[in-house]
Structure formats: structure tokens, C-alpha cells
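A.B. asks: Here is my input, please return the structure:
(2 chains)
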Protein chains: 2
Amino acid sequence: MTNSDPSHKEPQIIRTIGELRAAVSTYRKSDLTGKIGFVPTMGYLHEGHASLIRRSAAENGLTVLSIFVNPIQFGPNEDLDKYPRDEARDLKVAAASGASIIFLPTVAEMYPTKRVTTVSVNEVSDFLCGASRPGHFDGVATVVAKLFNIVQPDRAYFGMKDAQQVAVITRMVQDLNMPVEVVPCPIVREADGLALSSRNVYLDTKSRSEATILSKALAKSESWISEGTTAADLISRISSAIKGQSAIADIDYVDVLAYPGLTHLEQGKPLASIDADVLIAVAVRFGQTRLIDNKLLNPAKAGAIPCSAK
Amino acid sequence: MTNSDPSHKEPQIIRTIGELRAAVSTYRKSDLTGKIGFVPTMGYLHEGHASLIRRSAAENGLTVLSIFVNPIQFGPNEDLDKYPRDEARDLKVAAASGASIIFLPTVAEMYPTKRVTTVSVNEVSDFLCGASRPGHFDGVATVVAKLFNIVQPDRAYFGMKDAQQVAVITRMVQDLNMPVEVVPCPIVREADGLALSSRNVYLDTKSRSEATILSKALAKSESWISEGTTAADLISRISSAIKGQSAIADIDYVDVLAYPGLTHLEQGKPLASIDADVLIAVAVRFGQTRLIDNKLLNPAKAGAIPCSAK
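C.D. replies: Below is the predicted model:
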């Protein structure tokens, strides 16, 4: 039972945990060697999500897509209430991409009683979005642990736009011996380089135009590294490039960290001497909209694609 | 494939996570409807552990017993180094009780790299041993989450002597949607009432003799409740009974809490008016040895065994 021809069957729409468990159990019993792929999302699906669903459908017998805007990963002043939702369109994208099951639980289904249990992944959550959004990665790790326990997939697919999220979840899976393979997938971009994000719909025309500075600044990193720059220099160059090109860009952070540990690099060392994965990550506000982007590379092998992003 | 005749087969001894996963997977494929029972322990098995293994063997096709002295649930000044161990004897007890697989991982197998992930269960961990042993229940919840992910049991068996542990794990399973049923099992006692514990071996003759005051004081609770005592009165009566019978007993706590939420009861209310499960719990030191015991009851139905302890 494979879904290599995604058009052959409409996905099953499931809204309760009990029905989801029953459907997964039925599949497991029907195909003892079949694999289950899982794509957890917050919906408002774009081509980045579609690429994850297609990859899962190609690699597994059953693909479960979850759409759940998880309240516990939003801070008190964040965009939970206005987070974009379009279930009808999401169902079409999911079907066209090859999802077998679409799991759409309500908040009450996922959090029926006061939740007192939290999964925390320290260190990997300390910097970048972990510093800007306190509690965010506790919320992500906790809901992903819940979803993994509900779906019990063999593989789970995540986009590298949220590189820190991939690092946090990979570490959680490793530390807690979760029986699932985390599959990081490449960032999908617009033609002009802007990383796809459900939050891009918030951007007005001017912000949308200037938002391309994130990917453009990141793209210059390799040539700057080849000129012998240190991490501190690179951070400064990227920050200047962003500020120089957009008066409205409000930088939340620009940072350069070891990947996947997300710890700081040795200070003052030319990046080109580092033969290990390094994450260059940026978060920038355009008005109320906070965008993130990143580039993962091995500075010593400039231009090479590091293993984790393959 | 059942183990109703435990003498028919020697248990399989497994020391690595990979081999354990393979053995469980082989069983799952061999019997699509068979259930897996799991008894996590720290070894030095006594009749309390044996009762859990026997129950699991009676209710499941495969019973996995784990023996692992989990360092992360011990505080810096606790008895990790001197915690009693006797692998040879444990293997005999496990075999005689009907264990199918005995999982004996090393600390390096369970914690191969620095662990940064923690599972915390708040509120339920706030009082009793959670207050006396900071971090203890984070360590318990984290290792049990790991073991559940490794063994992937259908049911897991825990003794009610560690009632707060049962409450913490039950709540973790519920909050994180873990696909396992937590089965609480009755406390097993010596003929004189002392609750069985691996730590009882630490007791010298005088302490062993006086340690029976814990179960004796708890046993009087029902008659005190029928006299109209409040929670505060009951705590005071139990404390006095312990101190009056043993000059060396050093009380860590005596408390009366709602179960399984482990929150405080309404103050000043006669316990007999409460028609819900209540836990009466004590922790007492005899020299260096800290013993715990408890009684779970529904005060309004004095003498009845509450559901959770059946």
C-alpha cells in the first residue's frame, strides 16, 4: 500500500485522537512492513509544507499530516489569534501532495485538561528564537512529543527554515529514545529568494519587497567567510547588509552557532578554519511581522552542502 | 504465546537498547494481538516487585522487566552509590516470577551523551517527596519516558508504595498521550506491616523494629477520620503516634492530599465529608535510611478500597 500516485485516493479527514489511533492501527495490521511518515504543521500550507508531504508520500506507505495551531508555543503577545487559517485550501494542498490522513484536532482534543507536563530541551533552546520567544520550544517539544505518541510514525518530516526547531526535536528524540527518524528537508523559497512562511501573508507590499534582504544577506556569507571573517565579523556584516538595504527592517537577532548543538563558536577564529556544520540564522521584524531565515554550511568546505541539509 | 507457566522458559537477558528493540519487534510480529507488559525497577527485587512481574505475566503475552539504578533521580547527597544491587539474585526472582525479558542497561547505554531533555510534571510533583527531593520526579518522569519509548509496552506496572510516582507517571502518560496503560498495584508488606522496600536492608535491628510505626500509624487513620478529624488534625495525630513510639524516627513529612492530583484539601473540613480519593503519606528517616509509606482511601466511604488502589 503506497501513495506514489497521490491522485488515486482522497485523504481521510480525522479530528479525534481515538479515530487517528484506530486508523494508524488498521494500517499497521494491514501492512507489517509498511512505514508511516508524519508531517506536523500549523496549517495555512504552502509549497514548503507540500514538499514535506510529497517526500513523506514517496518514502512511506502511509502519510499523516497534522494541522494544529498549537497555543502553547505562542507567547502572550504573539500572533496566536490572528495566525492565518484556511482549512478548505489546506485540504486541497494536502490531497494534491499525497497525504493519506489529515489530522485536524481541536485545542480541547489536544489539551482536554490543564496540562502540567512539559518536555524541555535545554542548551539547544538557549539562543536564537529560544532567547527571543521564552517558552516557545517547550511548547514545540511538548506538542511534538504528544503528536509522536498519537501518530507513532516511523519518520517525521520538518523543514530546515525552522532549523532550531529541527535541532530541538532531533535532540528530544535522541535523549528520550523516541522510535522515530527525524528527516530534515530543505528550505523552499520564492523566486526572489524569500523563504516560504505562512506568516508572509502578513507583509504589506513594501515589507514583502524588502524582506528579500534576509536571503540576500545570507547568500553573501560564503564569500565573506572566504575572505577570512570571524563569527563576530560575519554577524556584523550581515546586520549591516540588512540595515543598509531596508530602513524598516528591525533586527531581532543575527547569530552564527555550531549546528546542531547551537552553542557559540570559539571567538576570534576565522570561520573558514571550522570543519563542522555551522548555522547562520537571522530573525527580522517588518512591522508586526517577524521573519526568520538561515543558512547551514561547513565553512571549511565553502559551497558544499552539509550532511544535515541534504 | 503466553507466560502463564513461568517455569517453562528462562528469561532472555538483554543489555542494549538495540537488542531490546529487536526482541520486542520480533514478538510484535509473531503475535499481532499479543500484549506487552512492562515492569520498570531499580533492582534488588523483593516480593513487591515479584507481585508486579507475576501480574504482568498473567495479563500479557510478553513481560519486560527493566533493572536500572537511574542516576538522574538521585539528589547529590542521596544513596546512589550505595543503593543495593544483586544481579544474580534478581535474575532468579525475575525468572521465578515469569519475566520474559530482563533489560539491564548500563548508565552509558541509557545516557550516552549529555542529556539536555527533561520531562517535568508540575503540581503533582510539588509536595511530599517532590518537595523533599528536588528534581527527583523530573528524573523519574524522564527515565520512564525513555524506557516507555524503548520497550513500547501496552501496560506498565507500578507499586502503590510510591503513590506519588504512580500519580506523576499517570499524569505524564495522560498529558503526553503516551500509548500505554499505567497499572497501579497494591503495596506488599512484611507480616508486621512494614512496606517492602529495597532500602529496608539499610535498617539496623532497632530501626527495623521501630519502622513498623509507619504502617501502624497509617492503619489508625480510618478510626481517626470516623471521629471527625480534619486533615491538619490527622497529620498531627499521625506525627504524634510516630514520635511517641520511636525516639529515633525523624519525620520528613506527614501529609494528606487529594489523589491523584496531589493538591491540598480544603482546610478545616472534616475528612469524613470528602467523597473522593485521599492520600495519607509519610516519609520518616531512621538514621540515614529514609522510608516512605501511604494509605489511599475515600474518607466518606471509610474502609472501602478506592478505585485507584484496586
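
A.B. asks: Okay, the most centrally placed residue in chain A and residue A:185: tell me how far apart.
C.D. replies: The centroid of chain A falls nearest to residue A:162 when counting by C-alpha atoms, centre = their mean (3.4 Å). Distance from residue A:162 to residue A:185, counting by C-beta to C-beta, to the nearest Å: 11 Å. C-beta coordinates here come from the backbone N, C-alpha and C atoms, glycine included.

A.B. asks: Mind listing residues that contact the helix or strand hosting residue A:65?
C.D. replies: In this structure, residue A:65 sits in strand A:62-67 according to DSSP states H and E. Contacts with strand A:62-67, where a contact means C-beta atoms under 8 Å, 6 or more residues apart in numbering or on different chains, come from A:1, A:3, A:11, A:20, A:24, A:27, A:34-43, A:45, A:53, A:56-57, A:87, A:90, A:94, A:98-105, A:147, A:151, A:153.

A.B. asks: Just the buried subset of these, please.
C.D. replies: Buried subset of those (neighbour count, 16 or more other C-beta atoms under 10 Å in any protein chain shown): A:3, A:11, A:20, A:24, A:27, A:35-43, A:45, A:53, A:56-57, A:90, A:94, A:98-105, A:147, A:151, A:153.

A.B. asks: Of those residues, which belong to strands?
C.D. replies: Judged by DSSP state E, strands contain the following of the buried ones among the contacts of strand A:62-67: A:36, A:37, A:38, A:39, A:40, A:41, A:101, A:102, A:103.

A.B. asks: Distance to residue B:114 and pLDDT for those - can I get that in a markdown table?
C.D. replies: Converted to a markdown table, these look like this (distance: C-beta to C-beta, whole Å; pLDDT from 0 to 100):
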| residue | distance to residue B:114 | pLDDT |
| --- | --- | --- |
| A:36 | 31 | 98 |
| A:37 | 30 | 98 |
| A:38 | 28 | 99 |
| A:39 | 30 | 99 |
| A:40 | 27 | 98 |
| A:41 | 31 | 98 |
| A:101 | 37 | 98 |
| A:102 | 38 | 98 |
| A:103 | 34 | 98 |
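
A.B. asks: from these, which is closest to chain B?
C.D. replies: Proximity of these to chain B (C-beta to the nearest C-beta) peaks at residue A:103, which lies at 12.2 Å.

A.B. asks: is chain B contacted by stretch A:15-31?
C.D. replies: Yes. Counting by C-beta under 8 Å from any C-beta of the partner chain, contacts between stretch A:15-31 and chain B involve A:17, A:21, A:29.

A.B. asks: same question, stretch A:263-278
C.D. replies: No. Using C-beta under 8 Å from any C-beta, stretch A:263-278 stays clear of chain B, coming no nearer than 10.8 Å.

A.B. asks: pLDDT on that stretch, on average?
C.D. replies: Averaged over stretch A:263-278, pLDDT sits at 95.

A.B. asks: roughly how far is it from the heart of the chain?
C.D. replies: Offset of stretch A:263-278 from its chain centre (C-alpha atoms, centre = their mean, to the nearest Å): 24 Å.

A.B. asks: And for stretch A:135-147?
C.D. replies: Mean-position distance between stretch A:135-147 and its chain equals 13 Å (C-alpha atoms, centre = their mean).

A.B. asks: So that stretch, near chain B or not?
C.D. replies: Yes. Applying C-beta under 8 Å from any C-beta, one finds stretch A:135-147 touching chain B at A:141, A:142, A:145, A:146.
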